[in-house]
Structures are given as structure tokens and as C-alpha cells.
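>>> Build me a structure from this.
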Amino acid sequence: MTQARQATALAPPGSGAPAVSAAALLNTADARLRRLEADLLGAGVLPGEAPGTALDGTVVGSVRLRGGASTATPVLGTVPRGATVVIACITEGERVSGPRGPDSYWDYIHYEGMTGYVANTYVASGPFIDGAPACAATGGP
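The predicted model follows:
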């Protein structure tokens, strides 16, 4: 089945609704799930990891450590590919593309005496599902 036919198959017949690709639906559902999990973890509702629990992540592509969850914030340093970092919390910020695809989540990390934000798409840990808490509204843990 061609991609066009797959997309058309997802629009109700005769509805006049635009065809939506399965990939677009999955991306939207994934983003909504991440937001929900962040809210539930921050509230201490999800079992398993306790709120405030840091976790380890592995950098999958050299990434700039920044002062905030945006490429417009100052660069504090660079974290090399393969480095292990401690993820203190995760927050939503500027959407960027990286090795794991486009993502609007940023990890507040500790690495070799430095702290700051790196785009989540550069860190293998799985957003929220692995238990990193949501960052406070003021930034950082």
C-alpha cells in the first residue's frame, strides 16, 4: 500500500476530513503522552520512581550545554557523544531536531561539575517514562 493510500485510509470515508499520516498521529499522541506523564510524575501520582529522583542518561550526539531550554540561551559548554549525564529534571522548551528526531523537551543535567540544559533528543533515557521529574517553573530542580 502506498503512503498516500495509508494516509487516506486514516480519514473517515466521505467525511471530507483531511488525510492524516500514521506517523503524524503517532507524533501527536507521543507528545500528549509525554505531557501527561510529566504532570503525573510531578504530582507523585505515577508509581515507581519518586518525584525528585534523578536518573542517568547517555548522550547520543555531541550537544551544547545551555543556560536554558532554548538555543537562544548562552552556551555553557559541550557534552561529548557517549558521555553519561545525570538528568535532574525535564522541561518543555524550544523544539529542536537531533539524533532521536524533533523534540521540545530539554533535560536539566549535571556533567563533570557543570549544570545546564541539553535538548532531550540528544540524550538516550526516554522522556518522563524513565522517571525524571518535571523541572520547577523557575528552571532547574
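
>>> From here on, just use CA atoms for contacts and neighbour counts.
Noted.

>>> give me the number of residues near the closest residue to Gly98 other than its chain neighbours?
Nearest residue to Gly98, sequence neighbours excluded (C-alpha to C-alpha, 6 or more residues apart in numbering): Thr121, at 5.4 Å. Using other C-alpha atoms under 10 Å, the number of residues around Thr121 comes to 26.

>>> same check, this time on Ala72
10.

>>> per-residue pLDDT, Ala83?
Predicted confidence (pLDDT) for Ala83: 94.

>>> right, I mislabeled it, should have said Ala88
We have a pLDDT of 85 for Ala88.

>>> do Glu94 as well
In this prediction Glu94 is given a pLDDT of 95.

>>> Do I have it right that it meets Pro102?
No - with contact defined as C-alpha atoms under 8 Å, Glu94 does not reach Pro102; the gap is 10.2 Å.

>>> all strands of the protein, in order?
Secondary structure of the chain (DSSP state E): strands at 55-59, 63-66, 75-79, 84-98, 101-111, 114-119, 123-124.

>>> between the fifth one and strand 55-59, what angle do the directions make?
Between strand 101-111 and strand 55-59, the angle formed by their directions is 120 degrees, by axes from the mean of the first three to the mean of the last three C-alpha atoms, to 10 degrees.

>>> Tell me which other helices or strands strand 101-111 touches.
With contacts taken as 3 or more C-alpha pairs under 8 Å, 6 or more residues apart in numbering; DSSP states H and E, strand 101-111 sits against strand 84-98, strand 114-119.

>>> Throw the ones you listed into a markdown table and include mean neighbour count and distance to Ala72, thanks.
As requested, the helices and strands packed on strand 101-111 are arranged in a markdown table below (neighbours: other C-alpha atoms under 10 Å; distance: least, C-alpha to C-alpha, whole Å):
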| stretch | mean neighbour count | distance to Ala72 |
| --- | --- | --- |
| strand 84-98 | 20 | 9 |
| strand 114-119 | 24 | 12 |
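
>>> Can you lay out these as TSV showing distance to Ser62?
Output for the helices and strands packed on strand 101-111, formatted as TSV (distance: least, C-alpha to C-alpha, whole Å):
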stretch	distance to Ser62
strand 84-98	10
strand 114-119	10
